[in-house]
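S.K.: Based on what follows, work out the 3D shape:
(2 chains)
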Amino acid sequence: GESVGLHLPTLSVQEGDNSIINCAYSNSASDYFIWYKQESGKGPQFIIDIRSNMDKRQGQRVTVLLNKTVKHLSLQIAATQPGDSAVYFCAEMGPQFYFGSGTKLNVKP
Amino acid sequence: DAGVIQSPRHEVTEMGQEVTLRCKPISGHNSLFWYRQTMMRGLELLIYFNNNVPIDDSGMPEDRFSAKMPNASFSTLKIQPSEPRDSAVYFCASTLRGANVLTFGAGSRLTVL
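M.R.: Modelled structure (predicted):
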């Protein structure tokens, strides 16, 4: 399973730069993955999803990459904006419902 | 739709007291999840229901925790007696069974003194 973190890893980027957030998952049987964004004081919100039969999916300013060989997901955010500052979680949404420990994205203006 | 509605948003109670957290899922959603979030352990799945039936409660920490879903529009998570280590933000989420895109409520922040 995921490691238990005493603190969230933080990624600091300059406004306008691209951000890459990484995540390792544990269950090779997982067939559906979602990236969630959590702003302070709010619940996680859906950003983008990907099924295990795909290796890449693009949305508006976001791209998710899936490498099943090494059980790794990444979220790429293009032209990062201050409003992107939040904690980002990858989640295995089938057959288990398991969230990663999260990465805090800090966007510097 | 107003989204997933949780109450109370904040609760402060003393050790030993009973705590009841409430959730109203999105109308039409037939799967409901309870998560607990702490800095130490992140988001932990406590229990989830499909069509009001508990499917997996293996994440419920101990017998002090119980969850019910008496109908499709209401669920409760009860802690009795509460302990300081139960302090956390408790999230409820719902989805259409099989869709698996969870819509979360705003959470209930519980502080047990």
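S.K.: before we move on, what SS does residue B:97 have?
M.R.: Of the three states, residue B:97 takes coil under DSSP: H, G, I helix; E, B strand; the rest coil.
S.K.: who's in contact with it?
M.R.: Contact analysis of residue B:97 by C-beta atoms under 8 Å, 6 or more residues apart in numbering or on different chains lists B:30-31, B:50-51. Using the backbone N, CA and C atoms, a C-beta is placed for each residue, glycine as well.
S.K.: If any of those residues are buried, give me the PyMOL selection for them.
M.R.: Of the contacts of residue B:97, the buried ones can be selected in PyMOL as follows, counting by 16 or more other C-beta atoms under 10 Å in any protein chain shown:
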select buried, chain B and resi 30+31
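S.K.: Show me which pair in the contacts of residue B:97 is furthest apart.
M.R.: Greatest spacing in the contacts of residue B:97, by C-beta to C-beta: B:31 and B:51 (8.0 Å).
S.K.: Quickly run through the sheet partners of the helix or strand of chain A with the lowest mean pLDDT, with directions.
M.R.: Least confident element among the helices and strands of chain A, by mean pLDDT, DSSP states H and E: strand A:97-99 (a mean of 89). Here strand A:97-99 has these sheet partners by DSSP bridges: strand A:86-93 (antiparallel).
S.K.: Can you name the next helix or strand after the least confident helix or strand of chain A?
M.R.: Downstream of strand A:97-99, the next assigned helix or strand under DSSP states H and E is strand A:103-108.
S.K.: Show me the shaky parts of the chain.
M.R.: Reading this off chain A. Along chain A, the model assigns pLDDT under 70 to residues A:1-7.
S.K.: look at chain B instead
M.R.: In chain B (pLDDT under 70), the answer is B:1.
S.K.: Alongside chain A, which residues does it contribute?
M.R.: Chain B has residues B:4, B:33, B:35, B:39-43, B:45, B:48, B:91, B:93, B:100-107 near chain A, with proximity defined as C-beta under 8 Å from any C-beta of the partner chain.
S.K.: Now, the contacts of residue B:97 that are in strands?
M.R.: With strands defined by DSSP state E, the entries of these inside them are B:31, B:50.
S.K.: and the contacts of residue B:97 as a markdown table, adding distance to residue B:76?
M.R.: What follows is the contacts of residue B:97, written out as a markdown table (distance: C-beta to C-beta, whole Å):
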| residue | distance to residue B:76 |
| --- | --- |
| B:30 | 18 |
| B:31 | 16 |
| B:50 | 17 |
| B:51 | 17 |
